[in-house]
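Colleague: build me a structure from this.
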Amino acid sequence: MAESFLSSIAAIVSEKIGSIILEEICLVWGARRKLERFEGVLGTIKAVLVDAEEKQWTNPQLRDWLGKLKNVFVSHGSIKRKVLHFFSSSNPLPFGFKMSHRIREITERLDEIAADKNKFMLASDMSRAPVLYREKTHSFVNASDVIGRDKDKENILQLLKNSSDMESISVIPIVGLGGLGKTTLSKLVYNDEWVVENFKKRMWVCISDDFDLKKVIVDIINSIKITAEGWSGVGLLKHNELSVEQSRILLRSTLGNEPFFLVLDDTWNEDRQKWIELKTVLMNGVKGNKIVVTTRSHQVASIMGTVPAYLLEGLSHDDCLSLFLKWAFKEGQERQHPKLVHIGEGIVAKCKGVPLAARTLGSLLFSKFEERYWAYVRDNEIWKLEQKECDILPALRLSYEQLPSYLKRCFAYCSIFPKDFIFNNDNLVHVWSAQGLIQQSEEEQDLEDIGNRYIEELLSRSFFQDLVQKSSYINFKMHDLMHDLAAFISRTECALIDCVNPTIPGTVRHVLFSYKVDDEEILRVVDQLNDIRTLICVVKEKTLHCEQFLNICNMSKFKCIKMLDLSNSDFDTLPSSIVNLKLLRFLNLNFNKRIKKLPNSICKLFHLQTLWLLGCKRLEKLPKEIGDLINLRVLGITSKQSDLGGIRHLESLRLLLIWQCENSEFLLQGMQTLTALRALHIESCSSLETLTPSMKQLQSLEFLRIWGCEKLKSLDGNGEQHIPGLRNLRVLQLIQLPKLEALPEWMRSLTSLDTLCIEECPQLTEQTIGEEDWYKISHVPNIYSDGRKLI
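Modeller: Numbering: from 1, shown residues only. Have a look, this model is predicted:
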């Protein structure tokens, strides 16, 4: 079982509270006993958190209890900040008393909550029985009950027939999110006439979470005895009756010298060594053995498959509707209720082709014929509807429970964005980073690398999908049902508001306002919330009254805000009081077409990591002290300023996007100080004539894109050819540069360059590249000219 989401928060708080710094303060101010009492209460609660998190899904009262507990943990995360403030305080005496009082206050609140834990019969980590994640599957299926999978069945059979009979074992993985019908499809294949005729030994084993080699081997032996030898089930082997070696020997003799067909259903194991050990045992010296593996993880498919994974897609709308009606009515009964069938069309649209979702909602409506109730199901999110243990959200929850705690937090946070939202990996990583959701590794990897690894893991586990590779980033989406799951998990903390007078729990910390919500409603709701961490306003053709809004921001409830997105807003001045948002890490002012300047006080937001100013065409210049933003990692800017030299002091910068800076003839003098910069975009700078020599000294730069600079004649940087640097550059894109006549001589030294793309640069034709400039770039593996690969 993966570590509990809430348990991980408790551990973090415990670490903060128990820090050496705080202990020293407690010794000074006589609060040692209070600290010990606090740690005792916290330890008691932590011991039962894992069990509580598992049981909360079926116990609303327990969910409320956990919500109260989590609220205490999160709201008192500010203690660490107060402790650090102690050392800069000119009058530490009152602070010491306050700190001692604060510890007592938190302990009392935890005491009150902990007193209720006994009524839930929670087991500690040591005594807790292991949880079964999913009822074991079986191979029986009534084919007439299955709708819309005939084509998929034929495709899998074709893969089985086409896989080489000269191989000892061929493995066909079927991959898809929970509830999509992978097990049902495997049953159809398992019971198909061709499989039955060609394989006397057919085995069905449900792996589930516990990939114990001996257990799997014994299950395979028992499956053979039942299907091939006709055992009734009496006298089957038990896992604890054999040693690993005995089980291996018995499996070999049971398999014999005939080809077998094996289904390994619901496989989660991502340990390649375990699979190799099982595969070795299964090699019986016979060619043509076939294995079908069902999994939610692309990583599992990659480890086990001998052919590319079969990616199972959702049912068509018509098939999904047929399945829904089959579960909502008795046979033929739907013809008596045409209005309900019409409402059912809208309900099925929510299922997004997932059979288990259609079955869940159909079962929910069985024998209910009131149009009002059907409309309620249609108009509400799935996560708000009643769910049984075998329904869709519990099925998807299995995937969630398998996640490590750091991925649980990141996944749940994504519920704040609307359904069908197109994620950008770069932006999502920086959003996560702003909320402190990315754990710094001991290897001192960049947060960007760690965050992108998180995204890769969530993609591999089918939490994200519809991956589209762009030039320097990737886009992807979250399946609607996965969004429902995330919304259910984070319902007490995250809120997406798209209506008037919403009901919002007081514990909500992260809020996104849809463009459907006007200014007055935004201000009214914000005024009701406390301790906000994220505020995103999706503005479309509306005016967000900045002064009134930031007056609310100045209130104590905004003291912890970390992400503020006011993109597409319409104000001309950002008040200097923005400095009061001292913990702000992410500020988005993109496409504000009226703002003319930023207050210099913004440069005192020392925690700021991301600042977006793209499309701010009236912005005259950056503040003088912009270089004081020592933690800034991302900057996107549009400005009238001709010299952006102040940026050169941003030594933590990783991503810099300069767009429509129309007065800049020479960009970024002295930018060699940007030693951490990894991606640089220079786009639509119509006055730009040449690059500065210092740009060629960006030793960490991996991606460089120059696009739409109509006056740019040279990349040489005033003719200086032999400046070292750019040795880590992997991708160079030159697009819509009509006056660029030749590639620079220094490209010969770009030994790491993997991809060069040249598009709509009329003077850099294939002929000039191939003849005059070829010696400069012949070492580059991938060269593209107007979409055509040259080598």
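Colleague: strands along the stretch 501-650 of the chain, start to end?
Modeller: Using DSSP state E, counting those that start in this stretch, the strands of the stretch 501-650 of the chain run over residues 510-513, 534-537, 563-565, 586-588, 610-613, 634-637.
Colleague: could you list the low-confidence segments of the stretch 51-200 of the chain?
Modeller: Along the stretch 51-200 of the chain, the model assigns pLDDT under 70 to residues 54, 57-58, 70, 72-103, 119-121, 123-135.
Colleague: if we go to 90?
Modeller: Counting by pLDDT under 90, the stretch 51-200 of the chain contains low-confidence ranges at 51-145, 163-168.
Colleague: re earlier: need the strands of the stretch 501-650 of the chain in JSON lines with distance to Ile221, mean pLDDT and mean neighbour count, can you?
Modeller: C-beta coordinates here come from the backbone N, C-alpha and C atoms, glycine included. Written out in JSON lines, the entries for those read as follows (distance: least, Cβ to Cβ, whole Å; pLDDT from 0 to 100; neighbours: other Cβ atoms under 10 Å):
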{"stretch": "strand 510-513", "distance to Ile221": "51", "mean pLDDT": "92", "mean neighbour count": "22"}
{"stretch": "strand 534-537", "distance to Ile221": "53", "mean pLDDT": "91", "mean neighbour count": "22"}
{"stretch": "strand 563-565", "distance to Ile221": "55", "mean pLDDT": "94", "mean neighbour count": "22"}
{"stretch": "strand 586-588", "distance to Ile221": "56", "mean pLDDT": "97", "mean neighbour count": "23"}
{"stretch": "strand 610-613", "distance to Ile221": "57", "mean pLDDT": "98", "mean neighbour count": "24"}
{"stretch": "strand 634-637", "distance to Ile221": "57", "mean pLDDT": "97", "mean neighbour count": "22"}
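Colleague: need these in a markdown table (columns: distance to Gln528).
Modeller: Compiled in a markdown table, the strands of the stretch 501-650 of the chain are given as follows (distance: least, Cβ to Cβ, whole Å):
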| stretch | distance to Gln528 |
| --- | --- |
| strand 510-513 | 11 |
| strand 534-537 | 13 |
| strand 563-565 | 18 |
| strand 586-588 | 23 |
| strand 610-613 | 27 |
| strand 634-637 | 31 |
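Colleague: test my guess that Arg585 contacts His607.
Modeller: Yes: under the criterion of Cβ atoms under 8 Å, Arg585 is in contact with His607, at a separation of 5.2 Å.
Colleague: shared neighbours of these two, which are they?
Modeller: With contacts taken as Cβ atoms under 8 Å, 6 or more residues apart in numbering, the residues that reach both Arg585 and His607 are Lys562, Asn631.
Colleague: with neighbour numbers in mind, choose between these two.
Modeller: Relative neighbour count places Arg585 above the other of Arg585 and His607, with 25 against 16, counting by other Cβ atoms under 10 Å.
Colleague: residue contacts, Asp786?
Modeller: Asp786 makes contacts with Ile758, Glu759, Glu760, as judged by Cβ under 8 Å, 6+ apart.
Colleague: same question for Leu428.
Modeller: With contacts taken as Cβ under 8 Å, 6+ apart, Leu428 has the following neighbours: Cys414, Gly451, Ile455.
Colleague: any idea which element the closest residue to Val146 other than its chain neighbours lies in?
Modeller: Excluding the flanking residues, the one nearest Val146 by Cβ to Cβ, 6 or more residues apart in numbering is Thr184, at 5.8 Å. Per DSSP states H and E, Thr184 falls inside helix 182-190.
Colleague: packing partners for that helix?
Modeller: Packed against helix 182-190, as judged by 3 or more Cβ pairs under 8 Å, 6 or more residues apart in numbering; DSSP states H and E, are the following elements: helix 150-162, strand 169-175, strand 260-267, strand 289-295.
Colleague: now do the strands in the stretch 651-791 of the chain.
Modeller: For the stretch 651-791 of the chain, the strands defined by DSSP E, counting those that start in this stretch cover 655-659, 666-667, 679-683, 690-691, 703-707, 731-735, 755-759, 782-785, 788-789.
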